[in-house]
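Undergrad: Give me a 3D structure for the following:
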Amino acid sequence: MIRSFVAADFLTLGNGFCGSGSVLSAMQYLATGDARWLVTAMALLPIALVFDFADGRVARWRHRSSALGADLDSLADVISFGLAPAALGFAVGLRGALDVTVLLYFVACGISRLARFNATADAFADESGKVRYFEGTPIPTSVGIVVLLAVLHFRGLLGAAPWLGLWTIGGLGLHPLVIIYALSGSAMISTIRFPKI
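TA: The predicted structure is shown next:
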C-alpha cells in the first residue's frame, strides 16, 4: 500500500501524526500534571495545519494524487481538527457533564462536515475539478480554539479557576468557555458558503 502513496499522502500522514500526538500528549498531561505535555499538545495542532495546507498544494503542484488521498485527508482532519481540540478542552478542565456533551457535539459536527464535503465536492467543483467554495466552515478553523486555549494557559486562566468560571445547570456543570466549541461545530455544519482559498 505504501508504494501507492504519492508525496502529498505522506504530508497528510504528517497531519494525522500531529493530531494523534496531540491527543496522546493531552492524555500524558492529565496523567502527570506536567504542563510541558499540554504545551506540546497545543503546539502540534498548528503544525498539523501546515501539513494539511501543504498536502493539497503539493498534490496540485505535482499534478498527482492517489486514490486514497481524499479519504486519507478527511481521516487525518477528523483526528487533528476534531478529536484533538476536544481532547485539549477536556485536558484543560472542560470536564463537566454538559462540557463533555458539547465536546462530543463538536466532534460529531466535524465528522459530519467532512462527510458532507466528500459527498458534495464534485457538485461544487469548477471545470478544472477544483472546489470553488466550502459549505460550512472548514474543520481546520478549530485551530483557532487551540490558539485561544494556549493564550489562556499562558495567562494562567485555565485550571482550577478557568476563565469565565463554571455554571451549574440542573445540577450539571458547564464552563462557559465550552460554548466556543458549540459555535465552531455549528458553523461547520451550517449551509453558509465560504470561498476556498
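Undergrad: Which residue ranges of the protein form strands?
TA: 133-135, 167-169, 172-174, 193-195 (DSSP state E).
Undergrad: Okay, now the unreliable bits of this protein?
TA: Where the chain drops to pLDDT under 70, the residues are 1-6, 59-67, 69, 121-131, 197.
Undergrad: Against A161, how distant is the residue nearest the centre of the chain?
TA: Taking C-alpha atoms, centre = their mean, the centroid of the chain lies closest to F81, which sits 1.0 Å from it. Taking C-beta to C-beta, to the nearest Å as the measure, F81 falls 28 Å from A161. To be clear about C-beta, it is placed using only N, CA and C from the backbone, and glycine gets the same treatment.
Undergrad: about what we covered before: let's have the strands of the chain in TSV, adding mean neighbour count and distance to L30.
TA: Converted to TSV, the strands of the chain look like this (neighbours: other C-beta atoms under 10 Å; distance: least, C-beta to C-beta, whole Å):
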stretch	mean neighbour count	distance to L30
strand 133-135	16	34
strand 167-169	11	23
strand 172-174	16	17
strand 193-195	11	35
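Undergrad: of all these, which lies closest to L149?
TA: Closest approach to L149 among those is made by strand 172-174 (17.0 Å; C-beta to C-beta).
Undergrad: ok, the closest one: who's next to it in the sheet?
TA: Its sheet considered, strand 172-174 pairs with strand 167-169 (antiparallel) by DSSP bridges.
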